[in-house]
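Engineer: Sharing a model prediction with you, sequence too.
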Amino acid sequence: MDALAEGGVDAIRVDRLAKKLGVTRGSFYWHFKDHDALLRAVLRDWRRRATYRLRPRIERADATVKDWLKELLALPYSGPRAERGAAIELAIRLWARRDKDAARVVRVIDRTRLTYFAGLMEQRGVPAKDAKGRALLFYAFLMAEGTIVVDNKDEAMIAACERLLLDP
């Protein structure tokens with residue numbers, strides 16, 4: 001995943017990884033049948049982490065739906081792990097533009113996230129007919145926010161976006 005975050009899918013090369021890990025190519029292939037098997041393992045790992053590990057992090061018993069959504073909006077600013085996660089997300093999305101297996105996994109993740117966000121919106125009182133559209137806007141904002149690079153985020157701007165996205 002580090003190689004993916006740093007150089008995209010083209011950086012996931014057996015020779016480079018074996019050298020970095022201090023193992024032989026042969027021992028590397030003990031774990032993976034071939035390069036495609038390694039790439040499939042990367043996609044499986046990202047799929048597992050991309051959605052299913054997020055829920056326990058944001059869903060606290062005492063949190064309101066608005067708290068959950070605000071927590072999600074804060075993720076891009078939550079530190080080095082968030083930056084690494086954004087780099088991995090971007091690399092996988094770029095990979096998905098040219099690879100059908102990666103595209104399939106991205107579609108599953110996007111569908112899962114959108115369904116989840118729409119459910120959170122509905123729990124907050126947004127009518128079901130509006131929840132899907134608002135979930136898409138929320139998700140698009142969240143994805144874009146993770147890729148926008150500025151020195152200082154304007155708190156008033158973020159507050160305005162939160163009102164627009166979270167108020168029913």
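Structural biologist: The structure has been received and is ready for your questions.

Engineer: Please make it C-alpha for all contacts and neighbour counts, starting now.
Structural biologist: Noted.

Engineer: count of neighbours near His35?
Structural biologist: His35: 13 surrounding residues under other C-alpha atoms under 10 Å.

Engineer: In contact with the residue lying closest to it once chain neighbours are set aside: list those residues for me.
Structural biologist: Take His35 and drop its neighbours on the chain: the residue closest to it by C-alpha to C-alpha, 6 or more residues apart in numbering is Val14, 7.0 Å away. In this structure, Val14 makes contact with 25, 28, 35, judged by C-alpha atoms under 8 Å, 6 or more residues apart in numbering.

Engineer: Where is pLDDT lowest across those residues?
Structural biologist: Checking pLDDT across the contacts of Val14, the minimum falls on Phe28 at 81.

Engineer: OK, contacts around the closest residue to that one other than its chain neighbours?
Structural biologist: Leaving aside its sequence neighbours, Phe28 sits nearest to Ala18 (C-alpha to C-alpha, 6+ apart; 6.5 Å). The neighbours of Ala18, taking C-alpha under 8 Å, 6+ apart as the test, are 24-25, 28.

Engineer: before we move on, what about Gly119?
Structural biologist: Ala131.

Engineer: any idea which helix or strand carries it?
Structural biologist: helix 100-123 (DSSP states H and E).

Engineer: same deal with Lys66?
Structural biologist: Going by DSSP H and E, Lys66 is in helix 65-74.

Engineer: Same check on Leu94?
Structural biologist: helix 80-96.

Engineer: on that earlier part again, who are the packing partners of the helix holding Lys66?
Structural biologist: helix 54-58, helix 100-123, helix 155-166 (3 or more C-alpha pairs under 8 Å, 6 or more residues apart in numbering; DSSP states H and E).

Engineer: now the ones you listed in CSV, with distance to Val42 and mean pLDDT?
Structural biologist: Formatted as CSV, these follow (distance: least, C-alpha to C-alpha, whole Å; pLDDT from 0 to 100):
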stretch, distance to Val42, mean pLDDT
helix 54-58, 18, 60
helix 100-123, 10, 92
helix 155-166, 32, 73
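
Engineer: out of those helices, deepest packed?
Structural biologist: helix 100-123 (a mean of 18; mean count of other C-alpha atoms under 10 Å).

Engineer: any idea how far that one is from the chain center?
Structural biologist: 10 Å (C-alpha atoms, centre = their mean, to the nearest Å).

Engineer: From start to finish, how long is stretch 67-82 in a straight line?
Structural biologist: Start-to-end span of stretch 67-82 (C-alpha to C-alpha, to the nearest Å) is 19 Å.
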